[in-house]
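Novice: fold the stuff below for me.
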Amino acid sequence: MPASARMKTKLMLNDRQLSVIKAEFPRPWQQAHAVSINLDLWHQLAVSDRDLLFLRTVCWVTLANVLKPNWYQALAGAGLAGGVVELLQADAVGVVAAAGVTALAGWQIWRGVTGPQTDIAADDKAVQVAQRRGYDQAEAAAALIRAIEAVPPLEGRQVLTVNELVRCQNLRRQTGRSEFPVPESYLR
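Specialist: Numbering: from 1, shown residues only. Predicted coordinates:
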């Protein structure tokens, strides 16, 4: 586990959950973020796959940050302030416009935090942390690909999701096993 996440992550065992490993979306006001593991399913993975899957989940928890400053947060704040001003002036059209701007900015913030770019960044960070732990980059990426591909059958799913396929493609590109990068239009 990365040193920066040791104090913020609480590991829990939950044999009733259907997923192999699960982390709730990290809320800014929480001190510790719970990562729960189903041990019965967990032990069906290879040790290196488990290592990388755990590192990836912890890295995702540390990277998914709603309070990271960006232009959409400024736009949401401006829309919220404008909505209050328009509400005080009793201007219905202004309130609706400000609420629309705030809603669109909030949606973009949410997409930025839960979208595929955060998943890919978490994968990259997990591979970097694994390199500090003694794995080489190709070995770590291959273990994470195997883990991503092994999880759906364990969870009772037939196929990988689109985000999982994109993550695998990005990892294959890093290891040189594929020449096709993930399209930039998908990452926006």
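Novice: is residue 10 in a helix, a strand, or coil?
Specialist: Secondary structure state of residue 10, per DSSP: H, G, I helix; E, B strand; the rest coil, is strand.
Novice: actually, residue 182.
Specialist: coil.
Novice: any idea of the pLDDT on it?
Specialist: What the model reports as pLDDT for residue 182 is 70.
Novice: check residue 186 too.
Specialist: Looking at residue 186, its pLDDT stands at 65.
Novice: who's in contact with stretch 79-86?
Specialist: Applying C-beta atoms under 8 Å, 6 or more residues apart in numbering, the external contacts of stretch 79-86 come out as 94, 95, 97, 98, 99, 100, 101, 102, 103, 105. Where you see a C-beta, it was placed from the backbone N, CA and C, and this is true even at glycine.
Novice: which of those residues lies closest to residue 56?
Specialist: Among the contacts of stretch 79-86, residue 105 lies closest to residue 56 (C-beta to C-beta), at 29.0 Å.
Novice: mind checking the longest helix of this protein?
Specialist: The residue-count maximum for a helix in the chain (DSSP state H) belongs to helix 92-114.
Novice: rounded mean pLDDT for it, please.
Specialist: 88.
Novice: and that helix, C-alpha only, in PDB?
Specialist: Below are the C-alpha coordinates for helix 92-114, written out as PDB (Å, rounded to 0.1, in the frame of the first residue of the first chain):
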ATOM      1  CA  ALA A  92     -36.900  33.400 -11.800                       C
ATOM      2  CA  VAL A  93     -35.100  33.200 -15.200                       C
ATOM      3  CA  GLY A  94     -31.800  34.100 -13.500                       C
ATOM      4  CA  VAL A  95     -32.300  31.500 -10.800                       C
ATOM      5  CA  VAL A  96     -33.000  28.800 -13.500                       C
ATOM      6  CA  ALA A  97     -30.000  29.900 -15.600                       C
ATOM      7  CA  ALA A  98     -27.700  29.900 -12.500                       C
ATOM      8  CA  ALA A  99     -29.100  26.500 -11.400                       C
ATOM      9  CA  GLY A 100     -28.400  25.100 -14.900                       C
ATOM     10  CA  VAL A 101     -24.800  26.400 -14.900                       C
ATOM     11  CA  THR A 102     -24.300  24.900 -11.400                       C
ATOM     12  CA  ALA A 103     -25.800  21.600 -12.400                       C
ATOM     13  CA  LEU A 104     -23.700  21.300 -15.600                       C
ATOM     14  CA  ALA A 105     -20.500  22.200 -13.700                       C
ATOM     15  CA  GLY A 106     -21.400  19.700 -11.000                       C
ATOM     16  CA  TRP A 107     -22.000  17.000 -13.600                       C
ATOM     17  CA  GLN A 108     -18.600  17.700 -15.200                       C
ATOM     18  CA  ILE A 109     -16.900  17.500 -11.800                       C
ATOM     19  CA  TRP A 110     -18.600  14.200 -11.100                       C
ATOM     20  CA  ARG A 111     -17.700  12.800 -14.600                       C
ATOM     21  CA  GLY A 112     -14.100  13.900 -14.000                       C
ATOM     22  CA  VAL A 113     -13.800  12.000 -10.800                       C
ATOM     23  CA  THR A 114     -15.700   8.900 -11.700                       C
END
